[in-house]
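>>> Pasting the sequence and the predicted coordinates here, then a few questions.
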Amino acid sequence: MPSFQFETPPRIVCERGAALRLAPLLQGRRHAFVVTDAGLVRAGLIDAPVAALRKAGLRVTVHDKVEADPPEHVVLAAVDAARAAGADCVIGLGGGSSVDTAKLVALLAASPQPLADIYGPQRATGPRLPLIQVPTTAGTGSEATPTSVVSTPDHQKRGVISSLLYPDVAVLDAQLTLALPPAPTAMTGVDAMVHAIEAYTTRHLKNPISDALAVRALQLLDRHLGRVIAQGDDIEAREGMLLGSMLAGMAFANAPVAAIHALAHPLGSHFHVPHGLANALVMVPVLRFNLPAARARYAELARALNPALHGAGDAEAAEAFIATMAGHVAQAPMPQRLREVGIAANDLPMLADAAMGVQRLLANNPRELNQTHALVLYTQAH
C-alpha cells in the first residue's frame, strides 16, 4: 500500500433544490456575502437562493463584480467589499471564477495578508470566514479543491493553495445548471474530463483514492456530456455532470494536473480564452504527446469507459481512449483550433515561452515537456 494523504471538503450536499436551503448550513451566521458575477444576476439565477436566505432572517450582500480568470484587483475589491459590509460568512455562487474568488474573500476578509505572500502551497494563514460553495457549472470542480487561481498583472496565473480554502460545505444543485447554454456546457464538461485524466496520469501524488474518484468522474462525464449538450434540460444528465465534475475536483486536488493545464494557462492569461475551452484546444495534442509514457494508464481509462476493450492490448485501448476524447471535443459546439480564438501563428513562440513558466504543473506531466515540445503542440493545435 503506498503512503499518501487525502483531503476533501468535510461536507457535501448533493440534492435538487439545495441552493434554496443554505441558511441551515450557516449555523447561526447573520450576514452572508454572496460572490457571483453580473451575468448570473442578469439571468435571475441567484434571485431564489438570495430570497431564501433573506426569508430565513439573514442579511445578504450580493457582490457581482467577479470576472473570468479573476485578476488580483478584482479579488481584492471583493475582499474590501466583504469587510465593508461586515459579513460574517461567504457563499460562492457561480462558475469557477466566482468559487475561486469566494475562497480568497473568506480567507482575506478574516485574515488580511498580501496575495503576493501566499501564492504557492500552504503559505496562507487563517482563520477564515465560514464558506459555502455552490457551483453553477459542471467543470472546474473548484468547490472541492484547496486552490484559488488568480491572474496577475504580468499575465501569469498564480495559485493560492491551502487547506484553509476547502469550503465547510459544497452544495451541488443541478437545477442551477439547467440554463447553461450548449457551448459553455461543452467547455466546462471537457475541463472536468481533463481534471480526471490528468489526476489519473499525474507523475506525483497519484493514490488509490484519487484514482477511484478520477475513474468514476470520467465515466460519469463521458456518459452524460453528449446528453446535456443535446438537451440542456435533462436534469439527470446535469446531475451526472455536476457529480462527475466534483469527483474530478476531489481527485486533482490531491493528485495534481499537468501539461494540458500548463499549456492552457497562457491562453487564458494572454488571450482571455475561457479556461475550459483552453483545455479543450490543447488536450488531444498533449494526450498524443504523452502516449509513450502514459499508454498503460490511458488503456486503463479506456477499459473503464468501454468494457468491450477489456480484451484489447494497451496500444489498441490507449488509441481508443484518445479517439474517444477527441470525439468529445470534435462534437462540441465550440472553437476547435487556436486560430479560431484569435491566436496568430506568430503568437505561438510567446505562448510556448509562457507555458514554461508553469513548472508547478509541468513537473507533474508523465512525460518531460520542454519549450520546443510546447511550440510543436501549440502548432498542432493551431
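Sure, I can see it.

>>> Report the central residue of this protein.
By C-alpha atoms, centre = their mean, the chain has its centre lying nearest to Thr140, at 1.8 Å.

>>> Mind pulling up the pLDDT for the closest residue to that residue other than its chain neighbours?
Using C-beta to C-beta, 6 or more residues apart in numbering and skipping residues adjacent in sequence, the residue nearest Thr140 is Gly96, 3.1 Å away. Using the backbone N, CA and C atoms, a C-beta is placed for each residue, glycine as well. Listed pLDDT for Gly96 reads 95.

>>> Likewise for Asp69?
pLDDT, Asp69: 87.

>>> who's in contact with it?
Ser97, Val149, Ser151, Lys157, Gly268, Ser269, His272, His275 (C-beta atoms under 8 Å, 6 or more residues apart in numbering).

>>> try 6 Å
Ser151, Gly268 (C-beta atoms under 6 Å, 6 or more residues apart in numbering).

>>> Pro70 too?
Ser97, Thr101.

>>> What's the end-to-end length of stretch 153-170?
Using C-alpha to C-alpha, to the nearest Å, the end-to-end distance of stretch 153-170 comes to 30 Å.

>>> got the contact list for it?
9, 11-12, 25, 103, 107, 118-119, 121-122, 124, 126, 128, 130-133, 143-144, 146-152, 265, 269-270.

>>> Give me the phi and psi for the residue nearest to the centre of the chain.
phi -70, psi -30 (degrees, to the nearest 10).

>>> ok, it to Val190 distance?
For Thr140, the distance to Val190 (C-beta to C-beta, to the nearest Å) stands at 12 Å.

>>> Name the helix or strand for the residue lying closest to Pro181 once chain neighbours are set aside, please.
Distances taken as C-beta to C-beta, 6+ apart place Gly232 nearest to Pro181, at 7.3 Å, with adjacent residues excluded. Using DSSP states H and E, Gly232 maps to neither a helix nor a strand.

>>> List the buried residues in stretch 137-157.
Buried residues in stretch 137-157, counted by 16 or more other C-beta atoms under 10 Å: 137-151, 156-157.

>>> How far does that stretch sit from its chain's centre?
Taking C-alpha atoms, centre = their mean, to the nearest Å, one finds stretch 137-157 lying 7 Å from the centre of the chain it belongs to.

>>> Let's see the distance spanning that stretch from one end to the other.
For stretch 137-157, the end-to-end distance is 21 Å (C-alpha to C-alpha).

>>> Right, I'll leave it there.
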